[in-house]
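Enquirer: here is my input, please return the structure:
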Amino acid sequence: MSDHRDEQPKKASFEIPPPPVPEEQLAGTMDADVVVVGEGLAGLCAALSARQTGAKVRIVTASARPVGRGGSVFAAYSRVMAAQGLPREDLSDFLLEEFAANSFQVDQRKWYTLLDRSEEAMNWLIGILEPEGIEVVLEDANRDDRHSPTWQPPGTHAFAGKGITRAGTGISLALEALEKAFLAAGGEVLHSAPAKYLEKKNGRVCAVVVRAANGEYLRLRARKGVILATGDFSANKEMMAKYCPQYAPEFTADGENYDVGFAVRGLYRGEGQQMALWAGAAWQRTWPCAVMIQGSRLGTSQPYGSHRGLRLNRRGERYCNEDMNGAYTALTTLREPGGQAYAVWGSNYARETIFRAHGGRREGPDLGPEQVLKTWEEQVSEGRLVKGDSVEAVAEALGLPVRETLETVRRYNELCRAGFDADFHKKSKYLQEIREAPFYGCSLSDRLFFTVLGGPRTNHRMQVCDSDDEPIPGLWCAGSMVGDMYANCYNFRIPGQNYGASLTFGYLTGKRAAE
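Expert: Down below sits the predicted model:
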């Protein structure tokens, strides 16, 4: 009779390495000091940094071009910030708040490295972009009480030029400039060549086997090491079920497309994470992996906020303190019946609240009441908002129970007039009465799932580690696949933090690998 306690858990299919390509099927071998797998921001920064440090570097990438999404990149300080007269912020308390929001399940050394070294990395990037005519600007962020969960520190950089003016959308400008600088420095890029697995010799990662665009297999030897920077695993249903099960049903994929830029769906299949596991890496300690999620911005007054007035569930009940940003809005909505939530407000909200647009430049002009009302009217015509001469009409249009909704609005208005939220203790300055017609309402149930963050166990030097926390010689990683960087959810309290980490750790890891 077998003892089931001695049985090993069944491995998932993605944990089983493929058979090696027979030597006779390898069309050739290419040599380098450092091989970087992936050509996003982290991969390009690592490759260029390693090349500038004196290493011979090759990039291999499944994509046909550099690929990125968005364009918000955080650094704690930079010469752009200095030129605008911004003081250096002491973010010590803020980081502790973020550690608490992450349940202290993150590797604090990574966060403090980002805080301490991001200025150096950003100034390095600025020096690459400005000669190319690319303007580095500061993106507007939420402005609020410092310890509010919606307050965001300054330092979100963005790129403008070549027809791109909206902050937070110009990552392609940075990627193109980085690739140009890398090639000019003597680096080489092999496009449309997905990596298949890593090779080890005497315990050290020494090569990557790739399938070239013509279907042939090539071996890329790496004398000093390999840096994996292949993005997320959100399009791999099996990996999602194991490492991020609560959000697995929310991600969809539409085939294998390594060239997709901004997309709200599953992107990549975790090839880099799998290669690391096959090479002996342990998975990160933090479980489950953190999801990057954003809630509805309809009716919001802050660039990364969500509607701060009255929110109701489908029963017409108020269910939360509305002082939160978009990511937390999505999570609280998911907890309500049917994962549904709604907002109701009056026209007076446009005059009694300061509104700022998403994608503007720091300290840009506020939106006037006329602009806000115009936006709401446009959204009504698009079917995104509903409008009525009475709260009752808005409730009916939203499909909410009218009697319960009217009672909730009555109670909320009573709290607003009293200037004290006895139900959820929201700050009094956010209590705007639902008073003047026309009235508006919307569903807050839409939620955007961008990516899943995490992967192989990674120390603060970006070395990939085994189950004993020992670095695997010759193997690093950077970007979204770094383990133990985030927990719970990516909450957007630091806009561009993930790209800031991709820049900073890519830059530092390239140097380390080259040295």
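Enquirer: settle this for me: Asp421 is touching Leu415, isn't it.
Expert: Yes - using Cβ atoms under 8 Å, Asp421 is in contact with Leu415, at 5.2 Å. To be clear about C-beta, it is placed using only N, CA and C from the backbone, and glycine gets the same treatment.
Enquirer: now do the shared contacts for the two.
Expert: Common neighbours of Asp421 and Leu415, using Cβ atoms under 8 Å, 6 or more residues apart in numbering, are Leu431.
Enquirer: what about the helices in the chain?
Expert: Assigned by DSSP state H, the helices in the chain fall at 41-52, 79-83, 92-101, 108-129, 171-184, 237-243, 271-278, 326-334, 349-352, 369-381, 391-398, 402-418, 497-514.
Enquirer: buried deepest among those helices, which one?
Expert: helix 41-52 (a mean of 30; mean count of other Cβ atoms under 10 Å).
Enquirer: who are the packing partners of that one?
Expert: On a contact count with 3 or more Cβ pairs under 8 Å, 6 or more residues apart in numbering; DSSP states H and E, helix 41-52 meets strand 26-37, strand 57-60, helix 108-129, helix 171-184, strand 217-228, helix 497-514.
Enquirer: between the two ends of stretch 247-261, how far is it?
Expert: 21 Å (Cα to Cα, to the nearest Å).
Enquirer: local confidence estimate at Phe262?
Expert: Here the pLDDT value assigned to Phe262 is 68.
Enquirer: rewinding a little: make CSV out of the helices of the chain and add distance to Ile59.
Expert: Formatted as CSV, the helices of the chain follow (distance: least, Cβ to Cβ, whole Å):
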stretch, distance to Ile59
helix 41-52, 5
helix 79-83, 27
helix 92-101, 32
helix 108-129, 16
helix 171-184, 7
helix 237-243, 24
helix 271-278, 13
helix 326-334, 32
helix 349-352, 49
helix 369-381, 42
helix 391-398, 50
helix 402-418, 55
helix 497-514, 11
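Enquirer: between those helices, which one is closest to Leu138.
Expert: When these are compared by Cβ to Cβ, helix 79-83 sits nearest Leu138, at 6.5 Å.
Enquirer: for that closest one, packing partners?
Expert: helix 108-129, strand 135-138.
Enquirer: can you put the ones you listed in JSON lines and add mean pLDDT?
Expert: Output for these, formatted as JSON lines (pLDDT from 0 to 100):
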{"stretch": "helix 108-129", "mean pLDDT": "98"}
{"stretch": "strand 135-138", "mean pLDDT": "96"}
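Enquirer: which one of these lies closest to Leu277?
Expert: Nearest to Leu277, of all these, is helix 108-129, at 20.4 Å by Cβ to Cβ.
Enquirer: now do the closest one against helix 171-184, angle only.
Expert: Between the axes of helix 108-129 and helix 171-184, defined by axes from the mean of the first three to the mean of the last three Cα atoms, to 10 degrees, the angle is 80 degrees.
Enquirer: ok so, going back, reformat the helices and strands packed on helix 41-52 into CSV and put distance to Thr286 next to each item.
Expert: As requested, the helices and strands packed on helix 41-52 are exported to CSV (distance: least, Cβ to Cβ, whole Å):
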stretch, distance to Thr286
strand 26-37, 23
strand 57-60, 29
helix 108-129, 12
helix 171-184, 26
strand 217-228, 18
helix 497-514, 15
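Enquirer: helices and strands around the lowest-mean-pLDDT helix or strand in the chain, which ones?
Expert: The helix or strand of the chain with the poorest confidence is strand 447-453; it has a mean of 87 (mean pLDDT, DSSP states H and E). Judged by 3+ Cβ pairs under 8 Å, 6+ apart, the packing partners of strand 447-453 are strand 290-295, helix 326-334.
Enquirer: these into JSON lines, with extra columns for mean pLDDT and distance to Pro18?
Expert: Listed next are these as JSON lines, based on pLDDT from 0 to 100; distance: least, Cβ to Cβ, whole Å:
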{"stretch": "strand 290-295", "mean pLDDT": "91", "distance to Pro18": "28"}
{"stretch": "helix 326-334", "mean pLDDT": "92", "distance to Pro18": "37"}
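Enquirer: got those as TSV, with distance to Gly133 columns?
Expert: Formatted as TSV, the helices and strands packed on strand 447-453 follow (distance: least, Cβ to Cβ, whole Å):
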stretch	distance to Gly133
strand 290-295	31
helix 326-334	33
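Enquirer: pass me the low-pLDDT residue ranges in the stretch 251-400 of the chain, would you?
Expert: 254-255, 262-266 (pLDDT under 70).
Enquirer: 90 instead?
Expert: 251-268, 293-295, 305, 325-326, 357-360, 362-365 (pLDDT under 90).
Enquirer: also the stretch 101-250 of the chain?
Expert: Where the stretch 101-250 of the chain drops to pLDDT under 90, the residues are 143-150, 162-169, 247-250.
Enquirer: against Val260, how distant is Ala276?
Expert: Computed as Cβ to Cβ, to the nearest Å, the Ala276 to Val260 distance reads 23 Å.
Enquirer: wait, I meant Leu129
Expert: For Leu129 relative to Val260 (Cβ to Cβ), the value is 24 Å.
Enquirer: so what's the spatially closest residue to Gly170 that is not a sequence neighbour up against?
Expert: Closest residue to Gly170 apart from its sequence neighbours, by Cβ to Cβ, 6 or more residues apart in numbering: Phe159 at 3.7 Å. For Phe159, the contact set (Cβ under 8 Å, 6+ apart) comprises Gly71, Val73, Leu129, Ile134, Glu135, Val136, Val137, Gly170, Ile171, Leu173, Ala174.
Enquirer: looking at those, spot the one nearest Arg79.
Expert: Distances from Arg79 to those, taken by Cβ to Cβ, are shortest for Val136, at 9.1 Å.
Enquirer: what pairs with the least confident helix or strand of the chain, parallel or antiparallel?
Expert: Strand partners for strand 447-453, identified by DSSP bridges, are recorded as strand 290-295 (antiparallel).
Enquirer: what separates stretch 374-385 from the chain centre, distance-wise?
Expert: 28 Å (Cα atoms, centre = their mean, to the nearest Å).
Enquirer: so that it lines up with my notes, have the first residue be 57 from now on.
Expert: Sounds good: first residue 57 from here, last item stretch 430-441.
Enquirer: using CSV, write out every CA atom in that stretch.
Expert: Taking Å, rounded to 0.1, in the frame of the first residue of the first chain, the C-alpha atoms of stretch 430-441 are listed here in CSV:
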residue,chain,number,x,y,z
LYS,A,430,-19.5,69.0,-21.9
THR,A,431,-17.6,65.8,-21.3
TRP,A,432,-20.5,64.4,-19.4
GLU,A,433,-22.9,65.3,-22.2
GLU,A,434,-20.6,63.6,-24.7
GLN,A,435,-20.5,60.5,-22.6
VAL,A,436,-24.3,60.5,-22.4
SER,A,437,-24.5,60.6,-26.2
GLU,A,438,-22.0,57.7,-26.3
GLY,A,439,-24.1,55.7,-23.9
ARG,A,440,-21.5,55.7,-21.2
LEU,A,441,-23.5,57.9,-18.8
